[in-house]
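Engineer: Need coordinates for the following:
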Amino acid sequence: MSAGLSAAALPGYHRPDAWAGLPLVDADVRVAAPPLSDLCPYLDAHWRDYAVESGLNALGTTLHPVGVPGVFLPGTTSAAGAPGSDLDLLRAQLLDPWQVEAAVSSCALGIDALHNDDLAAALATAVNRWQSEHWLAADARLRGSAVVPVQNVELAVAEVERIAGDSSFVQVLLPVRSREPLGRRSLLPILRAAAEADLVVALHPSGSSGLPTTPVGWATSYTEEYVDLALAFQAQILSLVAEGVFSVLPALRVVCIESG
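Structural biologist: Model prediction:
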């Protein structure tokens, strides 16, 4: 479910009586990527100037295009903006009526598309601080997913270690469409840092690797693009297992979000 995109928004949806007394956890609550203006207070002067002078715009994912019918439930937008941008709506449509004990939120900011590693790292830290202040600290039921600059292993590890001290974060979000399989040894330090911090590694259906979604080239339609993402998850799971990652890091926990 996305933030403010709960099935509870539709008539007739309610928590079944058989679930009474049972703790309910929503493992996938989507938080809309904020506009760059919202991240500026979390960037130092250098990167604020850089963003303005370079014309840097929003870095949200296009996985759920607004113009595609059925992607968002009716009644999920508000004065706050796009679906997934209103905490009060999230409470009213999901957390309260479904009596959710905990909800793991994710904000898929497309920083993996950037070729400037330092800018990517600055934006990752900014969006994680923004999430912590505006969402996680505002409702004790929310748990966060940290964004990291996966294109630079050293900087990604530094961000994992930075957020490790914030108990409101429970996982590290990695785009499933990565530039190389996540089981490769070059990426092992990121996985090790997450395991040592007791953070789950969450593979999310996003990423701007520049590679086609399918093994046979680019798809034509949104339906193909969305369904074929399952192939990327298969490839990542096979890579992690075949490369022996779980033997090297037995404490590592990996989850697949929206994996088809």
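
Engineer: which stretches of the stretch 101-250 of the chain have low pLDDT?
Structural biologist: Confidence mapping of the stretch 101-250 of the chain against pLDDT under 70 gives zero matching residues.

Engineer: For it, which segments are assigned as strands?
Structural biologist: Taking DSSP state E, counting those that start in this stretch, the strands of the stretch 101-250 of the chain run over residues 102-106, 142-147, 169-175, 200-204.

Engineer: of those strands, which approaches residue 211 most closely?
Structural biologist: Evaluated with C-beta to C-beta, those place strand 169-175 nearest to residue 211, the distance being 11.6 Å. The way it works is simple: take the backbone N, C-alpha and C, and place the C-beta from them, glycine included.

Engineer: The closest one: how far from the chain's middle?
Structural biologist: Distance of strand 169-175 from its chain centroid, counting by C-alpha atoms, centre = their mean, to the nearest Å, is 7 Å.

Engineer: So what are the sheet partners of that strand and their directions?
Structural biologist: Here the strand partners of strand 169-175, with direction, are listed using DSSP bridges: strand 142-147 (parallel), strand 200-204 (parallel).

Engineer: Pick the most buried one from those.
Structural biologist: Each of these was assessed for mean neighbour count using mean count of other C-beta atoms under 10 Å. The highest is strand 142-147, with a mean of 26.

Engineer: okay, the angle between that strand and strand 102-106?
Structural biologist: Between strand 142-147 and strand 102-106, the angle formed by their directions is 20 degrees, by axes from the mean of the first three to the mean of the last three C-alpha atoms, to 10 degrees.

Engineer: From the rest of the structure, what touches strand 142-147?
Structural biologist: Outside strand 142-147, the residues within contact range by C-beta atoms under 8 Å, 6 or more residues apart in numbering are 29, 102-109, 111, 124, 127-128, 131-132, 135-136, 159-160, 163, 166, 168-173, 199, 202, 204.
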